[in-house]
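J.: Turn this into a structure:
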Amino acid sequence: MAVIDEVVAKISDWNGKNISITPLSGGLTNSNFKVEVDGAPYFVRVPGASTELLAIDRANEYHNTKAASEAGVAPKIIHHLPEYNVMVIEFLNGQTMSKDSLNQPGMPSRMSRAIKRLHAAPRFLRDFNMFRLTEYYLSLCKDRAIKTPDGYRERMLTVSVIEDAMNVKPLATVPCNNDLLAENYIDDGNQLWLIDYEYSGNNDPTFELGNTCQEMQFSNSQIEEVCAAYFGNVSPAMIARMKLNMIMSDVGWGLWAAIQANISTIDFDFWGWAIERWGRAEEKMDSEEFEGWLREVRQ
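T.: Numbering: from 1, shown residues only. Below you'll find the predicted structure:
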């Protein structure tokens, strides 16, 4: 019996009702389903194989999804089945966004407003730090002989320099999603909803902003639009923090992709994604602007 069928059978409110289960495409970690119960739609996510190795804390995810829902930026949790690490969530009737749709005029500002609303939510359960997650992922790759793109370990000294610079004048941490790729935005015509809180935690807000800018491959003018909509002005120091966190986004999630290439059963070119992300990170670390970003965040 498939896990999704077991989950559906476990929910007593659904017993005796007309149920249809439709797999949804697009998940990079889990299997996603639309479950209709007497015509009412719900979203159900079943964790993928060995996702605990990816440092996903399901108790943290549940707590933070609930908090984000109460802040009005995430859909409501309808049922929670901790024995399966499954949440049944309100189904949002809206457009799942893409890089192309989020690159349309005005979208960077809309994204910033949604992110700012999330960041004003009550504190999340745990903290998130991409520097520590990168260390964990590297140790996992070493312990399991998981292949990483060439040069990762040699570049960790540069990563330490980035962390030291960011810690000179650290920002107060706020509740962050930390994984706002395009598909984690849903537009219902009125607002942008933010979904998928597997990696959520209290974090530097410029990681959230830099990470999502990197996922969208935003231009400098779009990055400035995000900064202005969030902070109220285009601050060179905040732009520099965002740029450095764009590097860290590719460093950390590039390792995530390398691990997924080794453990995931999902049909996706994770290794190609790891190579792409690491190439972008190295390009920025080698750029003429890099030293300027470091100076700016230290000032």
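J.: Now do the contacts for residue 299.
T.: 169, 237 (C-beta atoms under 8 Å, 6 or more residues apart in numbering). To be clear about C-beta, it is placed using only N, CA and C from the backbone, and glycine gets the same treatment.
J.: Can we start the residue count at 13 from this point?
T.: Got it, the first residue is 13 from now on, which makes the last one we talked about residue 311.
J.: And it, how far from residue 17?
T.: Going from residue 311 to residue 17 by C-beta to C-beta, to the nearest Å gives 58 Å.
J.: what do you get for residue 236?
T.: 49 Å.
J.: Who has more neighbours out of the two?
T.: Taking other C-beta atoms under 10 Å, residue 236 and residue 17 do not tie; residue 236 has more neighbours (18 against 11).
J.: residues touching residue 104, list them.
T.: Counted by C-beta under 8 Å, 6+ apart, residue 104 has contacts 55, 87, 198, 200, 205, 207.
J.: Can you flag which of those belong to helices?
T.: Judged by DSSP state H, helices contain none of the contacts of residue 104.
J.: how many neighbours does residue 209 have?
T.: 27.
J.: doesn't residue 89 make contact with it?
T.: No - if you go by C-beta atoms under 8 Å, residue 209 and residue 89 don't touch, sitting 10.4 Å apart.
J.: which residues do the two both contact?
T.: With C-beta under 8 Å, 6+ apart as the test, residue 209 and residue 89 both reach residue 77.
J.: Quick check: buried residues in stretch 218-238?
T.: Buried positions in stretch 218-238, judged by neighbour count with 16 or more other C-beta atoms under 10 Å: 218-228, 230, 234-238.
J.: Quick check: end-to-end length of it?
T.: End-to-end distance of stretch 218-238: 10 Å, with C-alpha to C-alpha, to the nearest Å as the criterion.
J.: quick one: contacts of it?
T.: So stretch 218-238 is in contact with 111, 114-115, 120-121, 123-124, 127, 131, 140, 142, 183, 188-194, 239, 242, 246, 250-251, 253-258, 260-262, 292, going by C-beta under 8 Å, 6+ apart.
J.: still on that earlier bit, the contacts of residue 104: which two are farthest apart?
T.: Comparing all pairs in the contacts of residue 104 by C-beta to C-beta, the longest separation belongs to 55 and 200, at 13.7 Å.
J.: contacting residues for residue 203?
T.: With contact set as C-beta under 8 Å, 6+ apart, residue 203 has these partners: residue 126.
J.: what's the spacing between it and residue 80?
T.: With C-beta to C-beta as the criterion, residue 203 and residue 80 are 13 Å apart.
J.: Residue 30 too?
T.: As defined by C-beta to C-beta, residue 30 lies at a distance of 31 Å from residue 80.
J.: So which of the two has more stuff around it?
T.: More crowded of residue 30 and residue 80, by other C-beta under 10 Å: residue 80, with 24 against 9.
J.: got a pLDDT number for residue 42?
T.: pLDDT for residue 42: 78.
J.: Surely it touches residue 56?
T.: No - judged on C-beta under 8 Å, residue 42 makes no contact with residue 56 at a distance of 9.9 Å.
J.: More neighbours: which of the two?
T.: residue 56 (26 against 19).
J.: so who does the more buried one touch?
T.: 16, 19-20, 44-47, 98-101.
J.: rerun at 7 Å
T.: The contact partners of residue 56, by C-beta atoms under 7 Å, 6 or more residues apart in numbering, come to 16, 19, 45, 47, 98, 100.
J.: Tell me the secondary structure of the nearest residue to it once chain neighbours are set aside, please.
T.: Take residue 56 and drop its neighbours on the chain: the residue closest to it by C-beta to C-beta, 6 or more residues apart in numbering is residue 45, 4.6 Å away. Here residue 45 is recorded as strand under DSSP: H, G, I helix; E, B strand; the rest coil.
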